[in-house]
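Asker: the following comprises the amino acid sequence and a computationally predicted model.
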Amino acid sequence: MRKVGKKLREVPLRLEEEDEADWIRKNVPRERLERVKQEMTKALKLHPPETYLSETLMEHVYRAHKGSCKIAYCYSEAVRCIQLLFHLLFGDELEADPEPRVREAPHVMRQFRRMRRSHEKNIVKTKTGWIDIDKAVLPLLGGVTYFYTTLMATVCFCEKALNNPEYKVPTVVDWDEAVACYLLAEYISPLKPHAKEMLKKTKKEPNLL
């Protein structure tokens, strides 16, 4: 098991000789990485992280304090982060339905499902379409922060792998490396068969999107 910094948190270690950085170099071209970074900057104001905190996330929190229905934009923004994440790793179309990829990873699926359920259940059925802020604000803010941070960590990890051909995931990893390794473990490591078991339990549930 790998460790994260001085806190020694465990991170899954792949069983194959090839590590996550090698997989990135083989499957993620630099052009795709740059395209994702441009899209984050242009469309969502998500890059760099300081801009996201001071502008995008701060605006969402303001809307929560105000009680504005526009807090619902957190959901569509989170979905966009997921689309960018899957475009970066797998080359999926930027506007593609992310549901098939979401369902491949049990942990990602659980987090997305919780956010989506809150988004749907807390919409008040009125002509104005206002949201029940008390029930929706934390799941929506938490969801968009979770998926943005996952995307940002993966972008940073890809930059490390692509900028240094000799880079290997170290025994003691940074937080961004740990997040990226956990995500990739659900898609490219021996842990992936667990996703199939999860799909068996959820195949009767409605579509996530």
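Answerer: Cool, the structure landed. Numbering: from 1, shown residues only.

Asker: and the gap between Y182 and L53?
Answerer: 22 Å (CB to CB, to the nearest Å). From N, CA and C alone the C-beta is placed, and that goes for glycine too.

Asker: of those two, who's got more company?
Answerer: Just comparing Y182 and L53: by other CB atoms under 10 Å the higher neighbour count belongs to Y182, 18 against 12.

Asker: if you count neighbours, what's buried in the lengthiest helix in the chain?
Answerer: When the chain is parsed with DSSP state H, its longest helix is helix 133-163. By 16 or more other CB atoms under 10 Å, the buried positions in helix 133-163 come out as 133, 136-137, 139-162.

Asker: next SSE after it?
Answerer: strand 172-173 (DSSP states H and E).

Asker: what is that following strand packed up against?
Answerer: strand 2-4 (3 or more CB pairs under 8 Å, 6 or more residues apart in numbering; DSSP states H and E).

Asker: and the residue nearest in space to the middle of the chain, what pLDDT?
Answerer: Nearest residue to the geometric centre of the chain (CA atoms, centre = their mean): F147, 3.3 Å. On the pLDDT scale, F147 is placed at 93.

Asker: any figure for the gap between it and P170?
Answerer: Relative to P170, and taking CB to CB, F147 is found at 26 Å.

Asker: which residues are in contact with I133?
Answerer: A64, G67, I71 (CB atoms under 8 Å, 6 or more residues apart in numbering).
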